[in-house]
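> Sequence first, then the predicted structure:
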Amino acid sequence: MLTLPSRRRGLTLVEALIGLVILGMLVALAVPSFQEWIRNSQIRNAADAMNNGLQVARAEAISRNGLVQFRFDATAFGWQVWDLAGNVQIRAWTPQQGARNAKVTATGGNMVTFNGLGRVVPNPVVSPAPTAEPTLTTLDVTASAGSTSATRALRVTIGPAGNARMCDPAVTTSGDPRGC
């Protein structure tokens, strides 16, 4: 009776180690790109949240036919929407909801008030301040730490008619709708 040699199945220890080394090198190459993608996603989430909050404030002002205010919190980088007639908070957002590493900088003031027509009006005087706070016009969203040249910045602008728009300040091509 003739017997054939048994076939060996599986990997040797050396083959397994070589496979692990190759896998480790591929992961090491992918990690920086993945971290940059996470940072860019958080910047986009924060800019979307700011834009959505402004749109909610404007829509609530129109539906309530009264003054509604969007308040940006510069210390926590979050926002709140308030009905000024009843002094009631309508909605709020914090960066812990998907944008931990995003930094938001306000231009103008820290609040914008919409009237019943959805237009921007001067912020009301709140005592004890003798004058009203300036109106928020722009929110710039960037990475808070560890950013590189590949990290993008986004901007949310508020027009005098009350329209909020998100744009990319890095786009300088004339006529490009993504640009500011």
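The structure has been received and is ready for your questions.

> Mind checking what secondary structure the residue sitting nearest the centre point of the chain has?
Nearest residue to the geometric centre of the chain (Cα atoms, centre = their mean): residue 46, 1.4 Å. Three-state secondary structure (criterion: DSSP: H, G, I helix; E, B strand; the rest coil) places residue 46 in helix.

> Which stretches in the protein count as helices?
13-64 (DSSP state H).

> what about the strands in it?
Remark: strands assigned in the chain by DSSP state E are 68-73, 78-83, 88-93, 102-107, 111-114, 120-121, 138-143, 154-158, 164-167.

> Out of those strands, indicate the one that is most buried.
Highest mean neighbour count among the strands of the chain (mean count of other Cβ atoms under 10 Å): strand 111-114, with a mean of 25. C-betas here are computed from N, CA, C, even on glycine.

> Any chance you could list what contacts that strand?
54, 57-58, 60-62, 67-72, 84, 120-124, 133, 135-137, 158, 162 (Cβ atoms under 8 Å, 6 or more residues apart in numbering).

> Would you mind measuring from residue 33 to residue 56?
Plainly put, residue 33 is 34 Å away from residue 56 if you go by Cβ to Cβ, to the nearest Å.
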